Structures are given as C-alpha cells and as structure tokens.
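S.K.: The amino acid sequence is not available; the structure is as follows:
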DNA sequence: ATAACATATGCTTATATGTTCATATGTTAT
DNA sequence: ATAACATATGAACATATAAGCATATGTTAT
C-alpha cells in the first residue's frame, strides 16, 4: 500500500525513493516559498536593515534617514519604496515631509531574533 | 550639555537634529549589519528555502534533493555550497554520496516564524 | 507666480547571483 | 584498470538589483 503511493510519487531514477516521497509530501507550496523569499529578501539588504532598525526606534523623515545613515536621498527613497511594497513600512505626509514608520512589528521581531542569534554566535 | 553632544554628532544641515542624534547613538555596528544581511540573504532564496525546509525534516543526499525539488544536480550543489559557507548545513560523506543536514536549528526556527507570520497575513 | 525645498522616480551603469553545461574529482563494482 | 556513478566546480550567460544622476511632482513661503 505504501509502496503503491511511493510508486505514484517517485520515478525509477530515485536513489532513495522513501526520502523523496517524504519530501514531496511535506513540501511548502510555491506561494509560501515566494512570500518567504520576498520577506527575507526585504530584510537582507544592509541599507534596508539600517533603515528598519532606525525606524524601530522612532518615526523618521526621509531626509533624516539619509543624513543619519550617510546615504543620499535618492538611495533612501529607492529603498523605502522596496520596504513599502513589502508592506514593512508606512508613511504619512506632513507638508513637504514624508514621515516613515514600521508597518509591521513582527518583521522587526524577526530582525531582533537574528541579532540575538548572531550575538550568540560571536560569543563562542 | 545635551546640546553639546548633539552639536558634536550632527551638522548644521540636519532638519531634525534630535532625531538624527538619536539614530546615530543607537545604530547597529557595521559588522552586525553585515552578518545579519548575510544570514537573511542565505534564507531568502527560493531554492535555498526549499532545501532548508527539506533538510529540516531529515538528512538527505544531493541527488534526492535534486529529484524531489525538481532542480538539477549542479544547481543543488551550488546552493548547498552557499548554505555550507553560511554554516547553515553540514554534510558527511558515505561512499559516493554526500548526506546533508542542518547545522543550525536556530535559523530554521527563524524560517518557521517567517512561515507563521505569512500564514497570519494570508488569513486576513 | 516664483523660488526653495522634500520626496519620488525613470534611466543607466555596475555588480551580484542563479542556472546550465561541461568537466574534474573521488568512489564503488566488475 | 575500467566503467558507472555521485558530487563539486569553473566558465558563460541571463537576470536582478543597488546606487547615482537628472528630473518630475507636490508643498510652503514670499
């Protein structure tokens, strides 16, 4: 019976059919893989990490971010666009200024866990 | 006194000197940003996500990974190399085969939290 | 209306990275 | 020794992306 299922899921070339069947039965679906990828990609770029970390402390305008992080205005704006489309930050306009803040604390939580993890590795 | 510190840390161009000082005083150091970036980059690539997820279930050889994930052997091998240098997977040789497994449960924990997060978003 | 300013964005360039192909390395069986 | 096999790796190519420049958009003050 189990053999039958394995026969359906695997082809003859399999070296370890059971392993392959097991993986195939437990795979993440494509859209989950895609979303995970997008999320981690969003928080894997050094300048975006700095921006998110800064915003985790307080709401900031583009110009302040640029000045504080030593980036030029255009670069910050481009990265904020990426963070916006990943729904990680939101903003409100106040006159000429755009004040950005985190849209999603959860992602910063992930980032902080990453920080803990790395601090841990460094202690060793 | 506080004004003095701010004067040291900010230049005249600042639009909101206090914000900028605050960020500068609380910045992640460069090496942390770099390490975070490397770690998240390692788990932000679709094929690497699939590989890590598969390995989180059981030890697997290259060929099984390739077959189960529908990738060619070379692509898997290249990605395993990336994961190895990020110290996320380890392997042992057994005859012709190389059996890979996770080196670091913590990173998979991060991945799982990502999955929970996204599932949560999708429910809304 | 005009000037000064804050931000956004299209375009370009430089660089990074994933995949494939061909091949090298190392192992097992005959 | 040779053939078959599993894996690793170098080279080439295609694609993605970050950053800078120039400029557009929208706001405020005069």
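M.R.: Received it, and whenever you're ready, just let me know what you need. Bear in mind that the values here come from a model prediction, so they are computed numbers and not experimental data.
S.K.: what sits against residue A:23?
M.R.: B:54, B:57, B:60, B:64, B:65, B:68, B:69 (Cβ atoms under 8 Å, 6 or more residues apart in numbering or on different chains). C-betas here are computed from N, CA, C, even on glycine.
S.K.: what helix or strand does the spatially closest residue to the last one that is not a sequence neighbour sit in?
M.R.: Which is residue B:69. In this structure, residue B:69 finds its nearest non-sequential neighbour in residue B:50, 5.1 Å apart by Cβ to Cβ, 6 or more residues apart in numbering or on different chains. Residue B:50 belongs to helix B:46-55 when elements are defined using DSSP states H and E.
S.K.: For the helix or strand following that helix, which helices and strands make contact with it?
M.R.: Using DSSP H and E, the helix or strand that follows helix B:46-55 in sequence is strand B:60-61. Contact here means 3 or more Cβ pairs under 8 Å, 6 or more residues apart in numbering or on different chains; DSSP states H and E; on that basis strand B:60-61 packs against helix A:17-25, strand B:97-102.
S.K.: Quick one: classify residue A:87 as helix, strand or coil.
M.R.: coil (DSSP: H, G, I helix; E, B strand; the rest coil).
S.K.: Would you mind measuring from the nearest residue to it once chain neighbours are set aside to residue B:30?
M.R.: In this structure, residue A:87 finds its nearest non-sequential neighbour in residue A:103, 5.6 Å apart by Cβ to Cβ, 6+ apart. Distance, residue A:103 to residue B:30, using Cβ to Cβ, to the nearest Å: 26 Å.
S.K.: which of those two has more neighbours?
M.R.: Between residue A:103 and residue B:30, residue A:103 has the larger neighbour count (other Cβ atoms under 10 Å in any protein chain shown), namely 16 against 10.
S.K.: can you tell which of the helices and strands packed on strand B:60-61 is closest to residue A:122?
M.R.: Nearest of the helices and strands packed on strand B:60-61 to residue A:122, taken as Cβ to Cβ: strand B:97-102 at 20.3 Å.
S.K.: Name the next helix or strand downstream of the closest one, please.
M.R.: Next in line after strand B:97-102, if elements are assigned by DSSP H and E, sits helix B:105-123.
S.K.: If I take that next one and strand B:97-102, what angle do their directions form?
M.R.: 70 degrees (axes from the mean of the first three to the mean of the last three Cα atoms, to 10 degrees).
S.K.: Give me the packing partners of helix B:105-123, helices and strands only.
M.R.: By 3+ Cβ pairs under 8 Å, 6+ apart, helix B:105-123 packs against helix A:30-42, helix A:105-123, helix B:46-55.
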